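Peer 1: below is the structure, and that's it, no one-letter string:
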């Protein structure tokens, strides 16, 4: 597989900055509206890591695969997901990317290569290896990227997947993010006071 990284031109720098700002503004909007308690899904924000998603996904084609974690908003946006369909998903609406059934932690966009996101620690890693193996077996030029947090490196599936990918020379990129940077930005619905619905 010979895919070259683009030369970082002024245009690419502008696109990267625009994507980072889009992700940040998307997340800040969630912070603004979440206290109204109309959003039907707990959310885990991506504030502080916008450059990672933008920098990785700018190299991907629409048909390349992407797997990610419960902090998926930035990855999905950087890969080309519609902000409107993501918001609709978080509100549990039928026009959401998963018809309102996936929420914040499980959006999917098969049409742009996002086959799923998982709240299971390290859950996307073996799936990414599987799609990379399929790409080799089908003789396509697709690559797979999987994002995961630093805690996933303690899972057995992490080590098994990296070993298998190396053994088979699979076109998969493992992106480990240090989630210490954004732990303070998780938003979870406050408990309902007893006696109230």
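Peer 2: Everything's here; your move. Model, not experiment: these values are computed from the prediction.
Peer 1: list the buried ones in the longest helix seen in the chain?
Peer 2: In the chain, with assignment by DSSP state H, the single longest helix is helix 10-33. Applying a neighbour-count criterion of 16 or more other C-beta atoms under 10 Å, the buried positions in helix 10-33 are 16, 19, 20, 22, 23, 24, 26, 27, 30. In short, each C-beta sits where N, CA and C put it, glycine included.
Peer 1: and which of those residues is nearest residue 142?
Peer 2: Closest approach between the buried residues of helix 10-33 and residue 142, by C-beta to C-beta: residue 19, at 21.5 Å.
Peer 1: thought the closest one was touching residue 56?
Peer 2: No - applying C-beta atoms under 8 Å, one finds residue 19 not in contact with residue 56, separated by 10.7 Å.
Peer 1: which neighbours do these two have in common?
Peer 2: residue 78 (C-beta atoms under 8 Å, 6 or more residues apart in numbering).
Peer 1: what does stretch 102-121 rub up against?
Peer 2: Residues contacting stretch 102-121 (C-beta under 8 Å, 6+ apart): 40-44, 60-70, 72-73, 75-76, 79-81, 86, 89-90, 92, 96-98, 124, 127, 131, 142, 148-149, 151-152, 155.
Peer 1: low-confidence ranges, the chain, go.
Peer 2: 1-3, 5-6, 179-197 (pLDDT under 70).
Peer 1: and the strands in it?
Peer 2: 43-44, 65-68, 114-117, 144-149, 172-177, 186-187 (DSSP state E).
Peer 1: and among those strands, the most buried is which?
Peer 2: Most buried of the strands of the chain by mean neighbour count (mean count of other C-beta atoms under 10 Å) is strand 65-68; its value is a mean of 28.
Peer 1: give me the neighbour count for the residue lying closest to residue 170 once chain neighbours are set aside.
Peer 2: The shortest distance from residue 170 to any non-neighbouring residue, by C-beta to C-beta, 6 or more residues apart in numbering, is to residue 132 (3.9 Å). For residue 132, the neighbour count with other C-beta atoms under 10 Å is 25.
Peer 1: who's in contact with residue 40?
Peer 2: Applying C-beta under 8 Å, 6+ apart to residue 40 gives the contacts 90, 91, 92, 100, 103.
Peer 1: rerun at 6 Å
Peer 2: Counting by C-beta atoms under 6 Å, 6 or more residues apart in numbering, residue 40 touches 91, 92.
Peer 1: distance-wise, check it relative to residue 96.
Peer 2: Separation of residue 40 from residue 96 (C-beta to C-beta, to the nearest Å): 10 Å.
Peer 1: can you list residues touching both of those two?
Peer 2: Common contact partners of residue 40 and residue 96 (C-beta under 6 Å, 6+ apart): none.
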